[in-house]
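Novice: Could you work out the structure for the sequence below:
(chains A and B)
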Amino acid sequence: MSNFMNTDVLQAVRLSRTLDLASGPKCLLRDVSFRLEQGQILAVLGPSGAGKSTLLRMLNRLDEPTDGTILFHGKDYREMDTRHLRRRIGMVMQHAYLFPGTSAENVRYGPAQHGDGLADTQVSELMRHVGMAGYEDRDVANLSGGEAQRVSIARALANQPEVLLLDEPTSALDDASKQDIERLLVSLVRERNTTCVWVTHDVSQAKRVADLVLKLEGGQAAGLGTPQELLDA
Amino acid sequence: MLRLLFHTQVSLGLGQAAAVAVLAILVARFAARRGANIGKEIPLVLLRGLVQILLVGLLIAALLRGPWWTGIPVLAAMIFIASTIVRRRVPELPGAYTLSLLCMCAGAGGVLTVMTLLGIVEPKIIILIPVGSMVIAQNMNIQSLFLNRFLGEVRSHRGEIESALALGAAADRAAEPYLRASFHASLIPATDNLRSLGIVWIPGMMAGMVLSGSSPVYAALYQFIILGMIFTAGGISCLTATYLAPRRIFTPQQQLRPLS
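Specialist: You can find the predicted model right below:
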């Protein structure tokens, strides 16, 4: 009954990750929980080493939780096919990490992994959405940092993810590109009503973009609430 | 000059080996003074190499009296030892020993078996062991190059690999560009050996055959056969590694393992 009533898209349940190192166990994240409904943006805020990227990587299952789990539409994500899960929970990293080739080839990469092709018009539409119309045949080696990040956003969106994970997507960019990419991401996420987890260390960015804020310190949750509750105090 | 001092073949050989070792040590000392970190290990490496090759000489001398198949356990032992050496080149790769063993069994083992069955390598101890050891040793080098390059590529392209995984790519597909680059790089020496054969170098085995009275034309053809076997064995072992290596660096959940 409770599952039937559950409208959460994404729920982290006491999520923890501890590494077994030769020097002893190292806890990267401990007992972090939150729930997100459709279209909500959660900003994960904290200093370097707080566990922000660890959390995001676990949400995409690039890393495995050592305790706790993640529920995706109420279902334990470990029971799902990993590749299918990653298609539904997309990720944009701090650096674009584009694959050698053209912008269009990068955009087509995700759907191609699942046997789907994108028509030229669909590629052009995605490129237009990220402000890169006309760049389809451009070799990615010749793109600026901001342009490359736009293509990496289009590449993630090509999979039509229900959740978008953003790992400090503007931190490696110059100030002008930072603002452009931030505006672009907010408009894309709002327009598509995509649920989003946005890792940032920039408090003002968290205030601008988020519906909810999760503060992490030393791998533990130091607060979860609205930006007004947590950041205006 | 050494022939005036040494009167038996063995004593002459030892004298010649000592002279070459002195030269190598002098070069190593000179290199150490220029900052290369090889000075201390060279005398030990030379001594170890000399002892090993002498033991092989003694072993071959003993085996010559036995049936041809006694060469099989000797070659198998060489593959086992070669796998240990490959593992040392890539200690951070989980299961590197088993991986190398399987790849070299498929490569060197497979090629030697087929060539022996076809009669291209005569089933005689005096041929089987020297030819087999050349193929295994080169296969070991190719295998080391492949795995070393592959791990280097994975380390330096971790972001690209995880981006591919995050987009839903299968682990094999995410690693494919780096497997391809490693495959190509590891076969460059074997390819160049074939390309420059007879122009840049005259291989030791051919020189040895000519010195022992074989026809130079047959010696040349046989040397080509050996290099062809080395290339084929290397290709097969690396091809096998392209299937097996990704399983060592990714978890069953298609996560890239941390590599130190």
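Novice: For the rest of this, base every contact and every neighbour count on C-alpha atoms.
Specialist: OK.
Novice: Tell me the residues on chain A that lie near chain B, please.
Specialist: A:60-63, A:82-87, A:90-91, A:93, A:97-99, A:109-110, A:113-114, A:156, A:159 (CA under 8 Å from any CA of the partner chain).
Novice: can you tell me which helix in chain B is longest?
Specialist: helix B:216-249 (DSSP state H).
Novice: Repeat that for chain A.
Specialist: helix A:175-192.
Novice: which stretches of chain A have low pLDDT?
Specialist: The model of chain A has pLDDT under 70 over residues A:1-6, A:233.
Novice: Just want the residue of it that's nearest chain B.
Specialist: A:R83 (4.5 Å; CA to the nearest CA).
Novice: Name the SS class of that residue, please.
Specialist: helix (DSSP: H, G, I helix; E, B strand; the rest coil).
Novice: who's in contact with it?
Specialist: B:L165, B:L167, B:G168, B:A169, B:A170 (CA atoms under 8 Å, 6 or more residues apart in numbering or on different chains).
Novice: Swap in 6 Å and give it another go.
Specialist: By CA atoms under 6 Å, 6 or more residues apart in numbering or on different chains, the contact list for A:R83 reads B:G168.
Novice: ok, so what distance separates it from B:P91?
Specialist: 30 Å (CA to CA, to the nearest Å).
Novice: Ok, B:Q9 next?
Specialist: For B:Q9 relative to B:P91 (CA to CA), the value is 42 Å.
Novice: Okay, and the beta partners of the residue nearest the centre of chain A?
Specialist: Residue closest to the mean C-alpha point of chain A, counted by CA atoms, centre = their mean, is A:L165 at 0.9 Å. Judged by DSSP bridges, the bridge partners of A:L165 are A:M91, A:V197.
Novice: still on that earlier bit, show me just the buried residues among the residues of chain A next to chain B.
Specialist: A:60-63, A:82-83, A:85-87, A:90-91, A:93, A:97-99, A:109-110, A:113-114, A:156, A:159 (16 or more other CA atoms under 10 Å in any protein chain shown).
Novice: can you tell me which of these are in helices?
Specialist: Those of those mapping onto helices are A:T82, A:R83, A:L85, A:R86, A:R87, A:Y109, A:G110, A:Q113, A:A156, per DSSP H.
Novice: The third one and A:E162, how far apart?
Specialist: Per CA to CA, A:L85 is found 10 Å from A:E162.
Novice: go on, the fifth one?
Specialist: When CA to CA is applied, the distance between A:R87 and A:E162 equals 9 Å.
Novice: re earlier: ok, so of the ones in helices among the buried ones among the residues of chain A next to chain B, who is nearest B:V114?
Specialist: A:Q113 (38.6 Å; CA to CA).
Novice: and that closest one, what does it touch?
Specialist: B:A169.
Novice: same check, this time on B:S212
Specialist: No contacts exist for B:S212 under CA under 6 Å, 6+ apart.
Novice: and it, backbone torsions?
Specialist: Dihedral pair for B:S212: phi -90, psi 10, per degrees, to the nearest 10.
Novice: can you tell me how far it sits from B:I129?
Specialist: 17 Å.
Novice: got it, and A:R35?
Specialist: 67 Å.
Novice: okay, those two: which has more neighbours?
Specialist: B:I129 (22 against 17; other CA atoms under 10 Å in any protein chain shown).
Novice: Tell me the buried residues in the one helix or strand the more buried one maps to?
Specialist: Per DSSP states H and E: B:I129 is located in helix B:125-156. Buried residues in helix B:125-156, counted by 16+ other CA under 10 Å: B:125, B:128-129, B:131-151, B:153-154.
Novice: again, but for stretch B:93-102
Specialist: Those would be B:L93, B:P94, B:A96, B:Y97, B:L99, B:S100, B:L101, B:L102, for stretch B:93-102 by 16+ other CA under 10 Å.
Novice: residue contacts, the residue located most distally from the centre of chain B?
Specialist: Relative to the mean C-alpha coordinate of chain B, counting by CA atoms, centre = their mean, the farthest residue is B:L167 (38.2 Å). By CA under 6 Å, 6+ apart, the contact list for B:L167 reads A:R87, A:G110.
Novice: and A:H84, how far is that from B:E162?
Specialist: Per CA to CA, A:H84 is found 15 Å from B:E162.
Novice: same question, A:T7
Specialist: 30 Å.
Novice: and the two? which has more neighbours close in?
Specialist: B:E162 (22 against 14).
Novice: Next secondary structure element downstream of the helix or strand that contains that one?
Specialist: Using DSSP H and E, B:E162 sits in helix B:158-166. Proceeding N to C from helix B:158-166, the next assigned helix or strand is helix B:171-186, under DSSP H and E.
Novice: tell me which residues in that next one are buried?
Specialist: Of the residues in helix B:171-186, those buried (16+ other CA under 10 Å) are B:A171, B:D172, B:R173, B:A174, B:A175, B:E176, B:P177, B:Y178, B:L179, B:S182, B:F183, B:S186.
Novice: CA atoms of whichever helix or strand comes after that helix as PDB?
Specialist: Next in sequence after helix B:171-186, counting helices and strands by DSSP H and E, comes helix B:188-195. The C-alpha trace of helix B:188-195 is given here as PDB (Å, rounded to 0.1, in the frame of the first residue of the first chain):
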ATOM      1  CA  ILE B 188      54.400  -2.700 -33.000                       C
ATOM      2  CA  PRO B 189      57.700  -4.400 -32.100                       C
ATOM      3  CA  ALA B 190      56.700  -7.700 -33.700                       C
ATOM      4  CA  THR B 191      55.400  -5.900 -36.800                       C
ATOM      5  CA  ASP B 192      58.600  -3.800 -37.100                       C
ATOM      6  CA  ASN B 193      60.700  -7.000 -36.700                       C
ATOM      7  CA  LEU B 194      58.900  -8.500 -39.700                       C
ATOM      8  CA  ARG B 195      59.200  -5.300 -41.700                       C
END
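Novice: orientation of the helix or strand just after helix B:188-195 relative to helix B:125-156 in degrees?
Specialist: Note on helix B:188-195: by DSSP H and E, the next helix or strand toward the C-terminus is helix B:204-211. If you take axes from the mean of the first three to the mean of the last three CA atoms, to 10 degrees, helix B:204-211 sits at 160 degrees to helix B:125-156.
Novice: how big is the angle separating helix B:204-211 from helix B:216-249?
Specialist: 160 degrees.
Novice: For helix B:204-211, which outside residues touch it?
Specialist: So helix B:204-211 is contacted by B:P216, B:A219, B:Q223 (CA under 6 Å, 6+ apart).
Novice: can you tell me how far the second one sits from B:G204?
Specialist: I take that to be B:A219. From B:A219 over to B:G204 (counting by CA to CA), the distance is 11 Å.
Novice: Looking at the two, which is more packed in?
Specialist: Neighbour count, other CA under 10 Å: between B:A219 and B:G204, B:A219 has more, with 18 against 10.
Novice: contacting residues for the more buried one?
Specialist: B:A219 touches B:M206, B:M209, counting by CA under 6 Å, 6+ apart.
Novice: quick one, phi/psi of A:G225?
Specialist: When read as degrees, to the nearest 10, the backbone of A:G225 gives phi 180, psi -170.
Novice: neighbours of it, just the number please.
Specialist: Around A:G225 there are 15 residues (other CA under 10 Å).
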